[in-house]
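3D model of this:
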Amino acid sequence: MTDAGRSDDATPLPQRVGDRLRDERERQGMSLEEIAARTRVPLRHLEAIEASNYGALPSPTYAVGFVRAYARALGTNEVTLASEVRVEALKAPRAQPQYQPYEIADPARVPSRGLVIGAAGLGLALVILAILWFATGLLRGDTTAETPSVAVAVPAAQPPAAPTPSGAGQVTLVATGEVWLRVYDAANKTLYLGTMKPGDRFDVPPTADNPMINVGRPDKLQVTLNGSNLPPLGTGERAIKDVPVGAAALAGRANPQPGATPTPAAAPALTTRRDVPPAFATAPAGQ
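Numbering: from 1, shown residues only. As a prediction, the model looks like this:
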């Protein structure tokens, strides 16, 4: 009777936090992978919580945070479970790091001393050859570098912005607005034909034979010689044609000889030639 009474009065041990979370999860029909996806907690840590193996977690603080997230995903009282798991985690033994003994390498697998010395000698020889090769290349480069250095010094002594009147130079046509133009040489060979948009540019070939231009709105075209801006070819009141745009012609207009009469920029009259579109043939003054 006494033994029976004692067994009836025995109080069952309370469930651990991990057991209660696992039971609630299974009751809701959720897998541990679903909990991991919802909480962003690694699956191995969730498994350690359900097994009450808090020693496998980084620290008791992590255990409390993971249990809170787990309980929140199940919709249970996270505050109570977090308080209880803190006590369980502090009592849980911590896992001791396992040290693997250092295993001495097999002497048969270690390269022989002769092989090591041979490899070191080969590497040293390659380094010496590389140094000699680069040193020889630098010496060769010093003898040939004198010629380009002299060539570069000649234009450096001249003012960079002044166009050369000798006829050599690069002529560039830059559109400041929508403008139609045709560039051609002395043989009437077309070098450029079309409508340029603002910002478009065309470099007149320096080797072209007496290049000339037909343009509907010369005031919408900026002409440069060797990067220096030149006066406009016309006022824009009328289209111009057969105007030379070679480097020699433009340099002569930019720097006229003493006593010479300057050539007007756009002397030709209004043109209706078929190679000038009507929309660009003329425009009121000031546009």
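
Convert the C-alpha atoms of stretch 126-136 to CSV, please.
C-alpha atoms of stretch 126-136 as CSV (Å, rounded to 0.1, in the frame of the first residue of the first chain):
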residue,chain,number,x,y,z
LEU,A,126,65.6,31.4,-64.6
VAL,A,127,65.7,34.5,-62.5
ILE,A,128,69.2,35.4,-63.7
LEU,A,129,68.2,34.9,-67.3
ALA,A,130,65.1,37.1,-66.9
ILE,A,131,67.2,39.8,-65.3
LEU,A,132,69.7,39.7,-68.2
TRP,A,133,66.9,39.7,-70.8
PHE,A,134,65.2,42.8,-69.3
ALA,A,135,68.5,44.6,-68.8
THR,A,136,69.4,44.0,-72.5
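
what does it rub up against?
Applying C-beta atoms under 8 Å, 6 or more residues apart in numbering, stretch 126-136 turns out to have no external contacts. C-beta coordinates here come from the backbone N, C-alpha and C atoms, glycine included.

Then stretch 83-96?
Here stretch 83-96 has contacts from 16-17, 49, 52-57, 60, 63-64, 67, using C-beta under 8 Å, 6+ apart.

Recalculate using a threshold of 7 Å.
The contact list for stretch 83-96 (C-beta atoms under 7 Å, 6 or more residues apart in numbering) reads 16-17, 52, 54-56, 60, 63-64, 67.

can those go into CSV with extra columns for distance to residue 195?
Converted to CSV, these look like this (distance: C-beta to C-beta, whole Å):
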residue, distance to residue 195
16, 84
17, 80
52, 82
54, 79
55, 81
56, 76
60, 78
63, 75
64, 75
67, 74
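
What subset of those residues is buried?
By neighbour count, with 16 or more other C-beta atoms under 10 Å, those hold 16-17, 52, 54, 60, 63-64, 67 as buried.

Same list (those) but as TSV, adding pLDDT, secondary structure and distance to residue 211.
TSV is the format used below for the buried ones among the contacts of stretch 83-96 (pLDDT from 0 to 100; DSSP: H, G, I helix; E, B strand; the rest coil; distance: C-beta to C-beta, whole Å):
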residue	pLDDT	secondary structure	distance to residue 211
16	89	coil	95
17	89	helix	91
52	86	coil	92
54	87	helix	88
60	87	helix	87
63	88	helix	85
64	91	helix	85
67	91	helix	85
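
how about residue 178, what does it touch?
195, 197-198.

top of these by neighbour count?
Counting neighbours by other C-beta atoms under 10 Å, the top entry in the contacts of residue 178 is residue 195, with 14 neighbours.

can you tell me which helix or strand that residue belongs to?
strand 190-196 (DSSP states H and E).

mind listing what that strand pairs with, with the direction of each?
In the sheet, strand 190-196 lines up against strand 179-184 (antiparallel) (DSSP bridges).

Just give the closest residue to residue 236, not the sequence neighbours.
residue 219 (3.1 Å; C-beta to C-beta, 6 or more residues apart in numbering).

What is the neighbour count of that neighbour?
Burial of residue 219 is recorded as 20 neighbouring residues (other C-beta under 10 Å).

now do the one 3 residues further on
Neighbours of residue 222 under the rule other C-beta under 10 Å: 16.

list the contacts for it?
Residue 222 neighbours (C-beta under 7 Å, 6+ apart): 174, 176, 229.

where does the residue nearest to residue 200 when sequence neighbours are not counted fall, phi/psi-wise?
In space, not counting the residues next to it along the chain, residue 200 is nearest to residue 175; the distance is 4.7 Å by C-beta to C-beta, 6+ apart. The phi/psi pair for residue 175 (degrees, to the nearest 10) reads phi -80, psi 130.
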